[in-house]
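*Asks:* Whatever this is, show me its structure:
(chains A and B)
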There are 2 protein chains.
Amino acid sequence: MPNQIPADSVGLVTPQTHRFTAPLLLACGRTLDEYELVYETYGQLNAAKSNAVLICHALSGHHHAAGYHSMDDKRPGWWDAYIGPGKPIDTNRFFVVALNNLGGCHGSTGPRSINPATGKAWGADFPMIRVRDWVASQARLADVLGIDVWAAVIGGSLGGMQVMRWALDFPQRIRHAVVIASAMKLSAQNIAFNEAARKAIVSDPNFFDGDYLAHNTIPKNGLAVARMIGHITYLSDYAMGEKFGRDLRSGSFELGSDEPVEFQIESYLRYQGDSFANTFDANSYIRITKALDYFDLAREYNDDPVLAFKQTQAKFLVISFSTDWRFAPERSHEIVNALVGANRAVTYAEIESKHGHDAFLLPDERYQQVFGRYLAGVKI
Amino acid sequence: MPNQIPADSVGLVTPQTHRFTAPLLLACGRTLDEYELVYETYGQLNAAKSNAVLICHALSGHHHAAGYHSMDDKRPGWWDAYIGPGKPIDTNRFFVVALNNLGGCHGSTGPRSINPATGKAWGADFPMIRVRDWVASQARLADVLGIDVWAAVIGGSLGGMQVMRWALDFPQRIRHAVVIASAMKLSAQNIAFNEAARKAIVSDPNFFDGDYLAHNTIPKNGLAVARMIGHITYLSDYAMGEKFGRDLRSGSFELGSDEPVEFQIESYLRYQGDSFANTFDANSYIRITKALDYFDLAREYNDDPVLAFKQTQAKFLVISFSTDWRFAPERSHEIVNALVGANRAVTYAEIESKHGHDAFLLPDERYQQVFGRYLAGVKI
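*Replies:* Presented below is the predicted three-dimensional model:
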């Protein structure tokens, strides 16, 4: 991190953990008797408790969305560009809550946690999780924090799916829904990429049907390939070309050399894959991508998203990015069309960006303006 | 196959093999002292030997491009929709030659062949191959067949790269160059997908650094993941949606079930991956994708494709497909622009198609018309 904390940072933050002892019935029919959620908060909850904002994370996110854990941190939280004093999610106004979702691997109860029934890590026996389970557990966290109604629930990608589920399942507890680079359901292509990634994991011999912890190993190669596939699809073709082109890492393209030529994009991807494999849990990866695949907003509403959104009461901000081909602007158009059909208030912005799906995490002037101005209009 | 051979089929065909005993110096600096090429021919070479057409195959293609090997064949050759009497590559007019490329795994010398120096399969020691090596070996096959000048050299995808290399390296031996769904060089994104696929293969513990044959095994899981990645990128998002949507293979989406839901796209991809893994050689896959990555038409011409194409004398037909995102129409535009800049004759057609990159293999009325009419104008 910089020598001193930037003025627009939330500063040093400390994660907190709450242990929930009331059983949680999951969508799959199984029950978690008890579980923990780890979370961080930024800003101050006002006396009326009307300024609380929930951040829902995507596949590889977690509770550490902003600020620094220590003066030695090299990087701030994953959405630090958008959370802080004076930033779009302005901590001078809002009390921001960011958590790690159930089934994850960053502190909340998940496959790496101890199953109280066995005294061993859950591993492959951890239940399948759906987006609605995350939302239900987030609602309980709101109860603990004394938040009856969120001023806004905000999320990108898989996080945006949680936001829509919030608006459906708890219409009276969410005033504004901010859905960024998301979709009402994945396309077959998206499911296919997830399946290729999962196949890489489960066919790694170190996966042991999900019981790798009991074998003191991790399916590192499978996770690395999964991350490589994901990473390619989060970037635009253009952004990759700009960043790497066909530049060589070393060696030469001259004739007369049997040494394989290596492109920079190859070593970059390998590095990304390997570092992800060292930090992410494979059973979590499988559960989270399955939750993505299963999400289908209108399935229980006769496949009619207008009917679904008629159950909601929140006002919506929907944002998409021009070069995002994993969650294309068309998917956001579908959300907006359904909201208009349901006669709900919706603001939509399509941001010109070169960065593909990753754009929702990156600084961008118009994105910051639209996002910040919308939230500045949220009453607290 | 049908009970009887269709009238517009080339019928029953028998592959032929030629053993080349003159050493072939490869671009990597190594030499193949001898090698075999397996090939098929359809139609009759005329007395003037002016009606010969060469078919260059792509990643998973081979010499069996049309017709049937026996009455028990379930399917004809891979480009049967375009090769036959009355078809675009009309065997009533043309003598068609299709071969399996060096380094492949369908009969021509490749990593599974015996290295005469050791008496064992080449395996990981088989040299790296570049597109120019294929073209050089194809030129020698032309010599054997007595063909001084091809009426046309034709290929899609990686095959199109071979066609461009032919036009550059043997300008006086090719009258027409048909470049379909191809590119003058891969984008970083394309290289990245290839690298993720290779990473899946080389990290399969059954790969044994490429010496799996000596261990009596194959890296089946790695190959399957590689094929899944490839397959997704050859189809359009739309085509996948049309074909599979979010249909379930079995089971149900009801709440209260911990059984993972399976989408049809998942089982389809797994089937595609597994069947590919049983037939394709991993060392071939690595070499062929590396040849794709390395191809860069203008690299030796100061990165100026106009300068490159000034070395050519052929007339060009360039075809692209609207939903092909792996070899997008923009890549064909670049070829056409450079040809125009070099003052070469070029006909270009962008075919509306839902099928992504795979479209170059599939029947399509306008594609067949453009292709057929262009070739009908080729003098023999």
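
*Asks:* Tell me the secondary structure at the closest residue to chain B within the stretch 1-150 of chain A.
*Replies:* Closest approach between the stretch 1-150 of chain A and chain B, counting by CB to the nearest CB: residue A:29, at 3.7 Å. C-beta here means a position set from N, CA and C on the backbone, and glycine is covered the same way. The local conformation at residue A:29, judged by DSSP: H, G, I helix; E, B strand; the rest coil, is coil.

*Asks:* Neighbours of it, how many?
*Replies:* 14 (other CB atoms under 10 Å in any protein chain shown).

*Asks:* Which strands or helices does whatever helix or strand residue A:193 lives in pack on?
*Replies:* Element membership for residue A:193, per DSSP states H and E: helix A:188-202. Contacts defined by 3 or more CB pairs under 8 Å, 6 or more residues apart in numbering or on different chains; DSSP states H and E place helix A:188-202 against helix A:220-234, helix A:282-294, helix B:220-234, helix B:237-243, strand B:262-263, helix B:264-279.

*Asks:* May I see these organised as a markdown table, with mean neighbour count added?
*Replies:* Listed next are the helices and strands packed on helix A:188-202 as a markdown table, based on neighbours: other CB atoms under 10 Å in any protein chain shown:
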| stretch | mean neighbour count |
| --- | --- |
| helix A:220-234 | 26 |
| helix A:282-294 | 24 |
| helix B:220-234 | 26 |
| helix B:237-243 | 18 |
| strand B:262-263 | 18 |
| helix B:264-279 | 18 |
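
*Asks:* I'd like the ones you listed as CSV, with mean pLDDT and distance to residue B:196 appended.
*Replies:* As requested, these are arranged in CSV below (pLDDT from 0 to 100; distance: least, CB to CB, whole Å):
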stretch, mean pLDDT, distance to residue B:196
helix A:220-234, 96, 4
helix A:282-294, 97, 15
helix B:220-234, 96, 6
helix B:237-243, 91, 18
strand B:262-263, 90, 21
helix B:264-279, 93, 14
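
*Asks:* With distance to residue A:21 added, can I get these in JSON lines?
*Replies:* Below are these laid out as JSON lines (distance: least, CB to CB, whole Å):
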{"stretch": "helix A:220-234", "distance to residue A:21": "33"}
{"stretch": "helix A:282-294", "distance to residue A:21": "23"}
{"stretch": "helix B:220-234", "distance to residue A:21": "42"}
{"stretch": "helix B:237-243", "distance to residue A:21": "44"}
{"stretch": "strand B:262-263", "distance to residue A:21": "35"}
{"stretch": "helix B:264-279", "distance to residue A:21": "37"}
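
*Asks:* hmm, back to that, what angle separates the helix holding residue A:193 from helix A:220-234?
*Replies:* 160 degrees (axes from the mean of the first three to the mean of the last three CA atoms, to 10 degrees).

*Asks:* Pull out the buried residues from helix A:188-202.
*Replies:* Buried residues in helix A:188-202, defined by neighbour count with 16 or more other CB atoms under 10 Å in any protein chain shown: A:188-201.

*Asks:* With stretch A:79-93 instead?
*Replies:* Neighbour counts over stretch A:79-93 (16+ other CB under 10 Å) mark A:79-85, A:87-91, A:93 as buried.

*Asks:* Please apply the same query to stretch A:22-37.
*Replies:* Result for stretch A:22-37 [16+ other CB under 10 Å]: buried residues A:24, A:26-28, A:32, A:35, A:37.

*Asks:* Chain neighbours aside, what residue packs nearest to residue A:22?
*Replies:* Residue nearest to residue A:22 in three dimensions, not counting chain neighbours: residue A:140, with 7.6 Å by CB to CB, 6 or more residues apart in numbering or on different chains.

*Asks:* mean confidence for the helix or strand encompassing that neighbour?
*Replies:* Assigned by DSSP H and E, residue A:140 belongs to helix A:131-145. What helix A:131-145 shows for mean pLDDT is 98.

*Asks:* Do you know the pLDDT at the residue positioned nearest the centre of chain A?
*Replies:* In chain A, the centroid-proximal residue (CA atoms, centre = their mean) is residue A:58; its distance is 1.0 Å. pLDDT recorded at residue A:58 is 97.

*Asks:* Might you report the residue contacts of it?
*Replies:* Going by CB atoms under 8 Å, 6 or more residues apart in numbering or on different chains, residue A:58 touches A:155-159.

*Asks:* quick one: low-confidence ranges for chain A?
*Replies:* Within chain A, the ranges that satisfy pLDDT under 70 run A:1-2, A:251.

*Asks:* Domain parsing of it, as residue ranges.
*Replies:* A:16-185+A:296-377, A:191-288 (the TED database).

*Asks:* from the chain's centre, how far out does the longest one sit?
*Replies:* If I follow you right, that is domain A:16-185+A:296-377. 7 Å (CA atoms, centre = their mean, to the nearest Å).

*Asks:* Quote the end-to-end distance of that domain.
*Replies:* In domain A:16-185+A:296-377, first residue to last residue: 30 Å (CA to CA, to the nearest Å).

*Asks:* can I get the CA coordinates of the helix or strand hosting residue A:166 in PDB?
*Replies:* In this assignment (DSSP H and E), residue A:166 forms part of helix A:158-169. Taking C-alpha atoms only, helix A:158-169 is exported to PDB below (Å, rounded to 0.1, in the frame of the first residue of the first chain):
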ATOM      1  CA  LEU A 158     -23.300 -12.800  -9.700                       C
ATOM      2  CA  GLY A 159     -23.700  -9.900  -7.200                       C
ATOM      3  CA  GLY A 160     -26.300  -8.400  -9.400                       C
ATOM      4  CA  MET A 161     -28.300 -11.600  -9.400                       C
ATOM      5  CA  GLN A 162     -28.300 -11.400  -5.600                       C
ATOM      6  CA  VAL A 163     -29.600  -7.800  -5.900                       C
ATOM      7  CA  MET A 164     -32.500  -8.900  -8.100                       C
ATOM      8  CA  ARG A 165     -33.300 -11.800  -5.700                       C
ATOM      9  CA  TRP A 166     -33.300  -9.300  -2.800                       C
ATOM     10  CA  ALA A 167     -35.800  -7.200  -4.600                       C
ATOM     11  CA  LEU A 168     -38.000 -10.300  -5.300                       C
ATOM     12  CA  ASP A 169     -37.700 -12.000  -1.900                       C
END
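
*Asks:* That helix vs helix A:282-294, what angle?
*Replies:* On the basis of the same axes, to 10 degrees, helix A:158-169 is oriented at 60 degrees to helix A:282-294.

*Asks:* Can you check what angle separates helix A:158-169 from helix A:131-145?
*Replies:* If you take the same axes, to 10 degrees, helix A:158-169 sits at 80 degrees to helix A:131-145.

*Asks:* What's the first helix or strand after helix A:158-169?
*Replies:* By DSSP H and E, the next helix or strand past helix A:158-169 is strand A:174-180.

*Asks:* Adjacent strands (with direction) for that next one?
*Replies:* Taking DSSP bridges as the criterion, strand A:174-180 forms sheet pairs with strand A:150-156 (parallel), strand A:315-321 (parallel).

*Asks:* Spell out which residues of the stretch 251-380 of chain A are next to chain B.
*Replies:* Within the stretch 251-380 of chain A, the positions near chain B by CB under 8 Å from any CB of the partner chain are A:253, A:255-258, A:260-261, A:263, A:265-266, A:269-270, A:273, A:290, A:293-294, A:296, A:299, A:325.

*Asks:* How about residue A:245, nearest residue that isn't a chain neighbour?
*Replies:* residue B:188 (6.0 Å).

*Asks:* you'd agree the one you found is up against residue A:263?
*Replies:* Yes. Judged on CB atoms under 8 Å, residue B:188 makes contact with residue A:263 at a distance of 7.4 Å.

*Asks:* Fine, thanks again, bye for now.
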